[in-house]
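Undergrad: following is a predicted model, sequence given first.
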Amino acid sequence: MRRVMILGSGWGGFKLLREMNKDAYQIVAVSPRNHFLFTPLLASTSVGTLEFRCITEPVRGYTRNVEYYQAWCDSVDLEHSKVDCTSNLSSVTKSITADSQGDIQGNNKKLQLDYDHLIIAVGSYSNTFNIPGVKEHAFFLKEVSDARKIRSRVLECFERAEMSRSDEEKNGLLHFAVVGGGPTGVEFSSELHDFIREDCSRLFPQLMNHVTLAVYDVAPTILANFDHSLSEYCMNKFKRSGIEVRTGTVVDKVEDGRLVLKDGKVIPFGCLVWSTGLTENPLTASLEGRVLKSRSKRIMTDPYLRVLDTKGNVIPNVYALGDCATIKDHELPQTAQVANQQAIYLRKALNKLAKYPERSFADVTAPFSFKNLGSMAYIGNWEAVVDMTKINENAKESGKLAWIFWRSSYLTMSVSIRNKMIIPMYWMLTWVFGRDVSSFQEYDRRKRLMDAERDG
């Protein structure tokens, strides 16, 4: 039985892991993250609208006939069909130490695995554009751990401001800055504004005059990839809600608690969330000089999703999909729906290839064709924008009706019956009782440090 190795547990990798024909192939999955993350609702978890388990699905739940390794893939040996991996499991012993960020240190095991078919679906990292201080002082919003840190930091800012006697310090702590006016930045800003308006105003009424929220973007408008009328609607909605939109703004550097702009202006902040696009991750970077790459550093494939070498020739039995890859001469957007459609395409092709092993890959399937189903974004106060003009030029909506469509669509797209049940349950709990403002991360970090010091 031929081994199909899937690198990654995102939209592409997880769908393949679930739906590949396990009677025809031995499926091997490698991912440092032991769960699938439903990213469209990640911003909701960062402020407590939803809980983190509402948007995750464990990989182990689908591994009855799958060989799964919770590990990082460090490099790929294309000539010998092997991958080198490092376990993402920490050694838990009495000698555990906690570093300054609260992460557990341990010895990681090295692995070498072989494959017959390799599917690279490792996603991408947040792009800092090499701006000094971003990695050290800004939060990203790509993983559950990021959302946890943001939620903890927002609450910490309010608690610190509560103890402060200086209005200037309160203004700095309660300025929430979001760099990036794409869907992620807009949705996070909207969720944060709802949290401040609906919950913090009740818990910290004396601090509300000090709270400011601003979105910074280098482009002339936010939601630039949406229909212009929807982008304008969002801009006007933000302004009416008190969210400051600073377009045409270039960040020069980020310091501890200070955002420095190109024009020399310095803006104190309590929490900075960075969402300015995507860049390659270490694995795709390690393939430099061995595979063809696009200008944006994405792995280049042919129309059948087969990886190309530096000369433009197909590398046998190696495929790439999702954010980390694009098709030669046809740049694909880095969205969940692209990865999802690619996974469906590749699953059908490989399953068909197993039935007709004497035929070539190109003989069993047509080239991949992406069908753009549109875009959606939540813009706060139970309103959203929906842009489906790629399907029909009149298919666009904004306001409450768009919000109903936004919520119902993502609820339908949730992976499991379990999540389809608990997501509306938490929506209802939040509506009735408000968002949970408990924070455990800082307490847990300090406790680990104290325990390590006590045990010597």
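TA: Here it is on my side, so go on.
Undergrad: just want the most central residue of the chain.
TA: A centroid search over the chain (C-alpha atoms, centre = their mean) returns residue 142, at 3.0 Å, as the residue closest to the centre.
Undergrad: excluding chain neighbours, what is closest to it?
TA: residue 126 (6.0 Å; C-beta to C-beta, 6 or more residues apart in numbering). C-betas here are computed from N, CA, C, even on glycine.
Undergrad: write down the beta-bridge partners of the one you found, one by one.
TA: residue 278 (DSSP bridges).
Undergrad: quick one: contacts for it?
TA: Residue 126 sits next to 140, 142, 274, 275, 276, 277, 278, 279 when contact means C-beta atoms under 8 Å, 6 or more residues apart in numbering.
Undergrad: got the phi and psi for the first one?
TA: According to degrees, to the nearest 10, the main-chain angles of residue 140 amount to phi -110, psi 170.
Undergrad: burial measure for it, as a count.
TA: 21 (other C-beta atoms under 10 Å).
Undergrad: right, and it touches residue 146 too?
TA: Yes. The criterion here is C-beta atoms under 8 Å, and residue 140 meets it with residue 146 at 5.2 Å.
Undergrad: residues contacting residue 54?
TA: Contact criterion C-beta under 8 Å, 6+ apart gives 41, 45, 419, 422, 423, 426 as the residues in contact with residue 54.
Undergrad: you'd agree the last one is in a helix?
TA: Yes. Judged by DSSP: H, G, I helix; E, B strand; the rest coil, residue 426 forms part of a helix.
Undergrad: give me the phi and psi for the residue nearest to the centre of the chain.
TA: Per degrees, to the nearest 10, the backbone of residue 142 is at phi -120, psi -30.
Undergrad: same question for stretch 129-141: list its buried residues.
TA: 131, 133, 134, 137, 138, 139, 140, 141 (16 or more other C-beta atoms under 10 Å).
Undergrad: nearest spatial neighbour of the fifth one, chain-adjacent residues omitted?
TA: In other words, residue 138. Closest residue in space to residue 138, ignoring its immediate chain neighbours: residue 274 at 4.0 Å, by C-beta to C-beta, 6+ apart.
Undergrad: neighbours of the one you found, just the number please.
TA: Neighbour tally, residue 274, other C-beta under 10 Å: 26.
Undergrad: where does it fall, phi/psi-wise?
TA: Torsion angles, degrees, to the nearest 10, at residue 274: phi -110, psi 120.
Undergrad: out of the buried residues of stretch 129-141, who's nearest residue 31?
TA: Nearest to residue 31 among the buried residues of stretch 129-141 is residue 140, at 18.7 Å by C-beta to C-beta.
Undergrad: from residue 180, how far off is the residue nearest to the closest one when sequence neighbours are not counted?
TA: Spatial nearest neighbour of residue 140, chain neighbours left out: residue 126 (4.4 Å); criterion: C-beta to C-beta, 6+ apart. Note on residue 126: its distance to residue 180, by C-beta to C-beta, to the nearest Å, is 9 Å.
Undergrad: top of the contacts of residue 54 by neighbour count?
TA: Going by other C-beta under 10 Å, residue 45 tops those with 26 neighbours.
Undergrad: does residue 191 belong to a helix, a strand or coil?
TA: helix.
Undergrad: what count of nearby residues applies to it?
TA: Other residues lying near residue 191 total 23 when counted by other C-beta under 10 Å.
Undergrad: so it touches residue 48, yeah?
TA: No. If you go by C-beta under 8 Å, residue 191 and residue 48 don't touch, sitting 9.2 Å apart.
Undergrad: just the helices in this protein please.
TA: Assigned by DSSP state H, the chain shows helices spanning 11-19, 42-45, 134-137, 144-163, 167-173, 183-195, 201-203, 228-241, 282-286, 336-355, 361-364, 400-413, 417-433, 441-454.
Undergrad: contacts for the shortest one?
TA: The set of residues that contact helix 201-203 without belonging to it, under C-beta under 8 Å, 6+ apart, is 158, 208, 434, 437.
Undergrad: quick one: which of the residues you listed is the most crowded by neighbours?
TA: With neighbours taken as other C-beta under 10 Å, the top of those is residue 158, carrying 20 neighbours.
Undergrad: the residue lying closest to it once chain neighbours are set aside: what's it in contact with?
TA: Of all residues not flanking residue 158 in the chain, residue 204 sits nearest, at 5.3 Å (C-beta to C-beta, 6+ apart). Residues in contact with residue 204, defined by C-beta under 8 Å, 6+ apart, are 158, 161, 162.
Undergrad: how close does the second one sit to residue 19?
TA: When you say that, I think you mean residue 161. 49 Å.
Undergrad: so which of those two has more stuff around it?
TA: residue 161 (22 against 14).
Undergrad: list the contacts for that one?
TA: So residue 161 contacts 169, 170, 173, 174, 204, 207, 210, 270 (C-beta under 8 Å, 6+ apart).
Undergrad: do that again at 6 Å, thanks
TA: 170, 173, 174, 207 (C-beta atoms under 6 Å, 6 or more residues apart in numbering).
Undergrad: cool, and residue 146?
TA: The contact partners of residue 146, by C-beta under 6 Å, 6+ apart, come to residue 140.
Undergrad: any chance you could list what contacts stretch 252-270?
TA: With contacts defined as C-beta under 6 Å, 6+ apart, stretch 252-270 is touched by 132, 133, 134, 137, 138, 157, 172, 173, 174, 175, 177, 250.
Undergrad: go again with 8 Å.
TA: By C-beta under 8 Å, 6+ apart, stretch 252-270 touches 131-134, 136-138, 153, 157, 160-161, 171-177, 179, 214, 216, 249-251, 272.
Undergrad: hmm, back to that, how much space between the residue nearest to residue 140 and residue 169?
TA: Taking C-beta to C-beta, one finds residue 126 at 29 Å from residue 169.
Undergrad: what of residue 133?
TA: For residue 133, the distance to residue 169 - C-beta to C-beta - is 21 Å.
Undergrad: residue ranges with poor pLDDT in this structure?
TA: Where the chain drops to pLDDT under 70, the residues are 91-108, 440-456.
Undergrad: so what's residue 423 closest to, chain neighbours aside?
TA: residue 54 (5.0 Å).
Undergrad: what's the answer for residue 335, then?
TA: For residue 335, the closest residue by C-beta to C-beta, 6+ apart turns out to be residue 375, at 7.8 Å.
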